[in-house]
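Peer 1: got a sequence here, can you model it:
(one chain, ligands or ions: 1)
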Amino acid sequence: MLREQINFHNYRYNVLDDPLISDSEYDMLMNELREIEAAQPELVTPDSPTQRVGGQPASEFVKVRHPQPILSLAAAFDAAGVRAWYERISRLIPAGTPMAFTVEPKIDGLTVVLTYEDGRLVQGATRGDGVIGEDITVNARTVKSIPLVLRSDAPHPHPHRIAVRGEAYMPIDEFEKMNALQLSAGERTYANPRNFAAGSMRQLDPRLTAKRPLRVLCYAIVEWTDTQGATQPPATQWELLQYLKALGFPVSDISRRFESLDEVIAYYDSYNDKRDSLNFEIDGMVIKIDDLLLSEQLGYVGNGPRGALAVKFPAREATTILRDVQVKVGRTGAITPNAVLEPVQLGGITISKATLHNFDDIARKDIRIGDRVIVKRAGDVIPYVAGPVVAARTGAERVIQIPDICPYCETRLIRREGEVAVYCPNIDCPGRLDRAIEHFVGRGAMDIDGLGTKIVAQLIDAELISDVADMYSLTKEDLLELDGFAEKKADKLLDAIAASKGQTLDRLIFGLGIQHIGGVAAQALAGYYGSIDALLAATAEQLQSIDGVGPVIAESILAWADRSSTRELVRKLQAAGVNPTQEPRRAPVVTEGPFNGKTFVITGALSLPREEIAAWIEQRGGKVSESVSKKTSYVVVGEAPGASKVSKATALNIPMIGEDELKRLAR
Ligand code: IVH
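Peer 2: Numbering: from 1, shown residues only. I've put the predicted structure just below:
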């Protein structure tokens with residue numbers, strides 16, 4: 001059962017270039033099988049995956065026999081694994097034998113074997129099953145970094161026939177560009193550069209390969225034939241790398257030679273952090289005994305030489321099920337989808353949420369609810385869904401629908417020309433993150449110094465905050481990651497954030513950015529209710545009784561209190577210690593405002609929607625009524641006013657004012 005599973009995944013990976021599971025999951029299956037076979041050696045059969053060198057060659061290419069088996073490597077996953085390997089080989093070597101190591105990046109690409117005769121490229125082959133590979137000579141010739149003719153300077157003659165092993169890969173920046181191109185051409189995209197490189201190298205049409213910016217890095221000599229006996233292969237791995245370089249092969253410039261295991265481990269560790277700074281993907285480092293004769297004498301175990309070890313980095317990719325999609329409003333009003341995942345372990349943490357970038361991306365990658373998806377996480381970066389595993393579909397998956405209406409303000413969403421992405425056009429949408437945060441930290445609200453537009457944008461872009469409450473869980477380490485932050489600036493900002501927990505209730509209410517709630521209304525609400533919890537339980541009747549709160553504001557508060565996102569945010573703030581209270585005065589509150597005691601009637605079109613003008617009046621203590629009566633203080637007249645309102649105002653001798661005059665009255 002386990003063997004069948006492994007064989008199946010082997011085939012997906014090696015033959016179809018379309019793996020269903022991540023490399024680390026595959027490694028886990030293999031390790032499990034190795035453990036079982038080690039405990040019960042009688043179970044080992046010649047056809048066990050542990051006894052094989054690789055997968056089947058694809059049938060479309062001409063098959064070629066390798067000059068010697070193209071082996072793989074034993075793997076370790078941490079420093080302890082490296083020391084255990086060293087212990088094992090030390091027992092096989094006479095005590096006191098000096099030992100040096102070459103450490104190379106473990107390039108996550110596709111193995112190629114390049115054969116040269118009299119300095120000319122005569123064959124390129126894939127690894128295939130390790131014994132028989134596929135002839136990809138025409139494709140190899142299109143890869144610019146593969147030399148077609150070897151350099152042969154005096155100190156470095158090449159033998160009559162030499163075969164070199166290397167790894168073909170696609171640089172990360174090129175991968176991103178190419179995937180974008182593939183998308184716009186309506187072609188399939190690849191979940192990672194390795195799959196892209198493999199797919200490109202194994203194109204049946206070499207013209208397609210030529211268009212792909214592939215590169216190669218070489219690290220081994222697998223055949224050396226010199227009939228004249230005039231040349232000798234290099235004696236150490238370090239010299240071998242220099243030799244390959246002299247012949248014109250690309251060789252990694254981050255390979256190093258060390259004389260102690262501690263240095264080897266330190267170098268491996270350093271690249272666990274630095275791997276993202278490289279323009280090619282590495283999934284670990286390879287440690288090789290430098291002395292090639294000594295290495296050869298150590299022999300082979302399983303399908304690799306004892307004298308070398310692949311030390312993997314913690315996994316950054318896993319597959320899991322996409323359970324649901326939740327939406328948020330981004331900085332520009334773009335509605336951004338977030339994945340709700342079946343929890344999965346990745347790089348030491350459990351992941352249950354990930355970003356899905358945008359609806360364009362979902363549509364292009366055809367990600368569906370219920371899909372098995374590839375989730376990636378690089379360093380501290382927020383995990384994201386890289387794509388679906390289409391082959392794992394059962395038919396029960398559901399296409400992800402783009403919402404029509406903003407979940408925060410119920411405004412109809414819009415699409416811009418040529419984009420699938422949707423936006424909430426409401427500038428005041430309470431879901432708009434950057435504005436929401438800028439408003440929250442502003443002078444009249446929580447007054448957090450040092451959080452300008454630029455820093456707010458940085459925090460959002462680094463996905464450190466996705467609502468105002470997240471600000472209270474920012475750490476110094478988070479801030480130091482950002483451009484332009486040093487110790488002092490970070491400390492100062494954290495102090496200012498902490499201090500804001502002591503702000504008054506009216507500032508918090510104002511800061512929450514409830515539609516139409518200005519400073520005056522916030523004071524009235526704080527005075528009447530005394531706490532956020534009491535405000536959440538407000539009734540229409542209570543609200544209407546508060547001076548400075550008219551029907552528009554009341555309606556807005558009720559809608560705000562009704563949203564589940566509001567309650568979640570309030571709970572988060574309270575948990576962070578942001579929960580100011582004051583003595584409630586459950587009596588009509590009289591606020592100070594220029595329109596106190598005044599009633600307005602609005603007719604005709606003004607510069608803003610009627611509702612906003614009404615809220616503006618209410619915020620200044622006034623009331624807005626629908627019909628003209630003796631109680632009306634002013635009729636605000638816009639363009640094309642209602643005839644009945646104008647005639648009634650004239651009859652009752654009520655002053656009619658324009659918008660400018662209204663503004664003047666408010667001063
Ligand atoms: S040495 C017998 N060196 O990683 C020699 N391999 O499991 C074995 N790889 O399949 C290979 N970078 O395709 C070696 N610097 C490097 C490598 C490297 C990537 C690949 C290779 C192999 C796998 C190890």
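Peer 1: and the residue of the stretch 501-650 of the chain nearest the ligand?
Peer 2: With distances taken as C-beta to the nearest ligand atom, the stretch 501-650 of the chain approaches the ligand most closely at K572, which sits 45.3 Å away. To be clear about C-beta, it is placed using only N, CA and C from the backbone, and glycine gets the same treatment.
Peer 1: so which strand or helix has that residue?
Peer 2: K572 is part of helix 564-575, with elements assigned from DSSP states H and E.
Peer 1: partners of the helix or strand following that helix in the sheet?
Peer 2: Following helix 564-575 in sequence order, the next helix or strand is strand 599-603 (DSSP H and E). Here the strand partners of strand 599-603, with direction, are listed using DSSP bridges: strand 623-625 (parallel), strand 634-637 (parallel).
Peer 1: what does the longest one rub up against?
Peer 2: Under the criterion C-beta atoms under 8 Å, 6 or more residues apart in numbering, residues 598, 600-604, 606, 613, 628, 645-646, 649, 654-659, 662, 665 lie in contact with strand 634-637.
Peer 1: ok, the shortest one next?
Peer 2: With C-beta under 8 Å, 6+ apart as the test, strand 623-625 has contacts from 550-552, 595, 598-602, 614, 617-618, 631-632.
Peer 1: and with 7 Å instead?
Peer 2: The set of residues that contact strand 623-625 without belonging to it, under C-beta atoms under 7 Å, 6 or more residues apart in numbering, is G550, T599, F600, V601, I602, A614, I617, E618, T632.
Peer 1: and those, which two are the farthest apart?
Peer 2: Taking C-beta to C-beta as the measure, those span a maximum distance of 15.5 Å, between E618 and T632.
Peer 1: comparing those two, which residue is more hemmed in?
Peer 2: Here E618 and T632 are compared on neighbour count by other C-beta atoms under 10 Å; more neighbours surround E618, at 27 against 20.
Peer 1: who touches the more buried one in this structure?
Peer 2: The neighbours of E618, taking C-beta under 7 Å, 6+ apart as the test, are G548, V549, G550, V552, I553, V624.
Peer 1: could you export the contacts of strand 623-625 as CSV, including pLDDT and distance to T355?
Peer 2: Formatted as CSV, the entries for the contacts of strand 623-625 read as follows, by pLDDT from 0 to 100; distance: C-beta to C-beta, whole Å:
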residue, pLDDT, distance to T355
G550, 81, 40
T599, 92, 50
F600, 93, 46
V601, 93, 49
I602, 92, 44
A614, 84, 39
I617, 86, 42
E618, 80, 39
T632, 93, 53
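Peer 1: for the ligand, tell me which of these show up nearby.
Peer 2: Contacts with the ligand within these, counted by C-beta under 6 Å from any ligand atom: none were found.
Peer 1: so which of those is the closest to I465?
Peer 2: Relative to I465, and with distances defined as C-beta to C-beta, the nearest of the contacts of strand 623-625 is E618, at 31.6 Å.
Peer 1: and that closest one, its phi and psi?
Peer 2: The phi and psi torsions at E618 (degrees, to the nearest 10) take the values phi -60, psi -40.
Peer 1: show me what the residue nearest the centre of the chain bridges to in the sheet.
Peer 2: The centre of the chain sits closest to Y384, judged by C-alpha atoms, centre = their mean, with a distance of 3.9 Å. Y384 has the following beta-bridge partners by DSSP bridges: T355, K376.
Peer 1: was I right about it contacting K353?
Peer 2: No - here Y384 does not reach K353: they are 10.3 Å apart, not a contact under C-beta atoms under 7 Å.
Peer 1: re earlier: mind putting the strands paired with strand 599-603 in a markdown table, distance to D276 and mean neighbour count included?
Peer 2: As requested, the strands paired with strand 599-603 are exported to a markdown table (distance: least, C-beta to C-beta, whole Å; neighbours: other C-beta atoms under 10 Å):
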| stretch | distance to D276 | mean neighbour count |
| --- | --- | --- |
| strand 623-625 | 57 | 20 |
| strand 634-637 | 59 | 22 |
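Peer 1: what parts of the chain come near the ligand?
Peer 2: With the criterion set to C-beta under 6 Å from any ligand atom, the chain comes near the ligand through 71-73, 104, 106-107, 111, 167, 219-220, 286, 304-305, 308, 310.
Peer 1: tell me the two of those residues that are most distant?
Peer 2: Of all pairs drawn from the residues of the chain next to the ligand, the one with the longest distance (C-beta to C-beta) is I107 and P305, at 17.9 Å.
Peer 1: more neighbours: which of those two?
Peer 2: Neighbours around I107 and P305, counted as other C-beta under 10 Å, are more numerous at I107. The numbers are 25 against 19.
Peer 1: and the more buried one, what are its phi and psi?
Peer 2: I107 adopts backbone torsions of phi -70, psi 130, taken as degrees, to the nearest 10.
Peer 1: ok, back up a step: buried only: go through the contacts of strand 634-637 for me.
Peer 2: When neighbours are counted using 16 or more other C-beta atoms under 10 Å, the contacts of strand 634-637 contain these buried positions: 598, 600-604, 606, 613, 628, 645-646, 649, 654, 656-657, 659, 662, 665.
Peer 1: report all helices and strands that the helix holding K572 contacts.
Peer 2: Under the contact definition 3 or more C-beta pairs under 7 Å, 6 or more residues apart in numbering; DSSP states H and E, helix 564-575 sits against helix 532-536.
Peer 1: which neighbouring elements make contact with the helix it packs on?
Peer 2: Under the contact criterion of 3+ C-beta pairs under 7 Å, 6+ apart, helix 532-536 touches helix 564-575.
Peer 1: for the helix it packs on, buried residues please.
Peer 2: Residues of helix 564-575 classed as buried: T566, L569, V570, K572, L573 (neighbour count, 16+ other C-beta under 10 Å).
Peer 1: next: stretch 29-37.
Peer 2: Residues of stretch 29-37 classed as buried by neighbour count (16+ other C-beta under 10 Å): L29, M30, L33, R34, E37.
Peer 1: can you pull out the residues in contact with that stretch?
Peer 2: Stretch 29-37 has contacts (C-beta under 7 Å, 6+ apart) with L2, R3, Q5, I6, L43, V44, S48, P49, T50.
Peer 1: right, and the second one touches V44 too?
Peer 2: This means R3. No - with contact taken as C-beta under 7 Å, R3 and V44 are classed as non-touching, separated by 10.6 Å.
Peer 1: one step back: contact partners for the residue nearest to the centre of the chain?
Peer 2: By C-beta under 7 Å, 6+ apart, the residues touching Y384 are A354, T355, H357, K376.
Peer 1: ok, 10 Å please
Peer 2: By C-beta atoms under 10 Å, 6 or more residues apart in numbering, the residues touching Y384 are 338-339, 354-357, 361, 373-378, 463.
Peer 1: most surrounded residue in these?
Peer 2: That'd be V373 among the contacts of Y384, by other C-beta under 10 Å, with 28 neighbours.
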